[in-house]
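1. sequence unavailable; structure follows:
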């Protein structure tokens, strides 16, 4: 398609039945446009195949019209964990609607700071997402020094002037432990995520607190890395112990599904001899055998909200925290009363 053939803002305005100014406000995510009108304009832009002239916009306002995400994970783990594609899909949905791009870097943890510095020094992005928060996360201070607007997924445990998507890990783990306690389980274990990740630490803390609130003794906790291999190794450690648990609460579905396979290796019937719960309620959770009891979260929504907040922060210089629904326990066939 030649430049002359490309649809313009005037074409979008004509199709949506509004002024060019209203189209400009809607396409740039600015306030002052009714929700229904904005939706009609975005739909018209998609139908016409309108795309912004990023080069012209960047020159006019000294912006890159891109945001960054640095993931300090092994690429193999990134591909195996369904959380990340869902989160990134949510981010891309919002960015696409507002004519923005995502710059993604997957780096070893030792090179994470360098990844952010590259994005800032080259002026490649206008802001960044902070995913996988650490305990006492140094990136909060780093973003301040680099002058990069940021939005964190969950509220950090250190002072932060950046907005956050208020993801809460505790209610889902608490619900899983209560469910198992109500079934009659007394020996409940936890396969946790890495303790230096804030969500791994918070889920482990919620597990311990929920046991205490249920009047149960502290259960064994084995730390893993959120991978299937890590979940399998942790499960073998628990099942080889003398006082084997009758239920295991996993910090994500990937480790829980690996745990199901290990239970079969040990000749244990799930849930007759061992109950298992996961976290995230990924699509596969409902199709494994037995279907996995899991805490349903919505990383796609988190991605959409995070992108919206970050773009608002970049454009207006201010944005507030955004609450999202707490995880809900989805009870399926992998949990049952313990063996007599």
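-> Cool, got the structure. Values in this document were obtained by computation on a predicted structure and should not be read as measured data. Residues are numbered from 1 along each chain as shown.
2. can you list the domains in the protein?
-> Domain assignment for the chain by automatic domain parsing gives 3-51, 63-168+298-323, 170-296.
3. ok, and what's touching stretch 234-247?
-> Stretch 234-247 is contacted from outside by 180, 183, 185-189, 191, 219-220, 222-224, 248, 255, 258-259, 262-263, 266, 268, 273-277, 335, 338-339, using Cβ atoms under 8 Å, 6 or more residues apart in numbering. To be clear about C-beta, it is placed using only N, CA and C from the backbone, and glycine gets the same treatment.
4. and the gap between residue 282 and residue 252?
-> Noted for residue 282: a distance of 8 Å to residue 252, by Cβ to Cβ, to the nearest Å.
5. ok, and residue 248, which helix or strand is that part of?
-> strand 247-250 (DSSP states H and E).
6. following that strand, which helix or strand comes up?
-> Next element after strand 247-250 (DSSP H and E): helix 253-265.
7. picking up where we left off before, sheet-wise, list the partners of the strand holding residue 248 with their directions.
-> Strand 247-250 has its sheet partners listed here by DSSP bridges as strand 188-192 (parallel), strand 275-280 (parallel).
8. any idea how far the shortest one is from the middle of the chain?
-> Centroid separation for strand 188-192 versus its chain: 21 Å, with Cα atoms, centre = their mean, to the nearest Å.
9. what's the angle between that strand and helix 253-265?
-> Here strand 188-192 points in a direction 130 degrees away from that of helix 253-265 (axes from the mean of the first three to the mean of the last three Cα atoms, to 10 degrees).
10. now do strand 188-192, average pLDDT.
-> Averaging pLDDT along strand 188-192 gives 98.
11. show me which residues of it are buried.
-> Neighbour-count burial for strand 188-192, with 16 or more other Cβ atoms under 10 Å as criterion, is recorded at 188, 189, 190, 191, 192.
12. quick check: the gap between residue 311 and residue 288.
-> For residue 311 relative to residue 288 (Cβ to Cβ), the value is 38 Å.
13. the more surrounded of these two?
-> The residue with more neighbours, out of residue 311 and residue 288, is residue 311; 24 against 19, by other Cβ atoms under 10 Å.
14. would that one count as being in a strand?
-> No: under DSSP: H, G, I helix; E, B strand; the rest coil, residue 311 falls outside any strand and is assigned helix.
15. strands of the stretch 51-200 of the chain, residue ranges please.
-> 66-71, 101-106, 128-130, 150-153, 164-166, 188-192 (DSSP state E, counting those that start in this stretch).
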